[in-house]
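Asker: Fold the following, please.
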Amino acid sequence: MKNKYKIPWHVRQYVKKELMDYKSNKKLVANYKGDTRGLILANMRLNQIENVLNSLNKEDREAAELIFIDKYTQSGAEIAKGLSKAAYYNAMNKVIYLVALEMDLI
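Answerer: From the prediction side, this is the model:
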């Protein structure tokens, strides 16, 4: 099942960046006053990420939060939280794939 979550590299990089920036973007949008196209698009992206995070089972959700919200490296997550290398990369790939689907990028 190695290729189960395979997506084009540029899509993967874009979605991964959106996920890594989720927490800071959420704060920026919350503090922003005004109604612009950029704000609408930012809110849409945040909602798409939240839809995916909310759809995950408990284990995948916890792994996704470690990876994308708390920004643990694989080794850091393994040492601090006991998350195996396989579980780390499976959760990362799954979330990136599901967010890309939610954003209609694949």
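
Asker: Grab the most central residue of this protein for me.
Answerer: Leu19 (3.5 Å; CA atoms, centre = their mean).

Asker: Tell me how far the closest residue to that residue other than its chain neighbours lies from Val15.
Answerer: Nearest residue to Leu19 in three dimensions, chain neighbours excluded: Phe68, at 4.2 Å (CB to CB, 6 or more residues apart in numbering). Placement of C-beta: from N, CA and C, glycine included. Taking CB to CB, to the nearest Å as the measure, Phe68 falls 10 Å from Val15.

Asker: Tyr72 sits in which helix or strand?
Answerer: In the assignment (DSSP states H and E), Tyr72 maps to no helix and no strand.

Asker: excluding its backbone neighbours, what's nearest it?
Answerer: Nearest non-adjacent residue to Tyr72, counting by CB to CB, 6+ apart: Leu66, 4.6 Å away.

Asker: Settle this for me: the one you found is touching Lys81, isn't it.
Answerer: Yes. Applying CB atoms under 8 Å, one finds Leu66 in contact with Lys81, separated by 5.9 Å.

Asker: who's more crowded, those two?
Answerer: Under the criterion of other CB atoms under 10 Å, the comparison of Leu66 against Lys81 puts Leu66 first, with 22 against 13.

Asker: Would you mind listing the residues in contact with that one?
Answerer: Residues near Leu66 by CB atoms under 8 Å, 6 or more residues apart in numbering: 72, 77, 81, 83, 88.

Asker: residues in contact with the lowest-mean-pLDDT helix or strand in the chain?
Answerer: Every helix and strand in the chain was compared by mean pLDDT, DSSP states H and E; the lowest is helix 22-31, with a mean of 88. Contacts to helix 22-31, defined as CB under 8 Å, 6+ apart, come from residues 18, 39, 42-43, 45-46, 49, 68-69.
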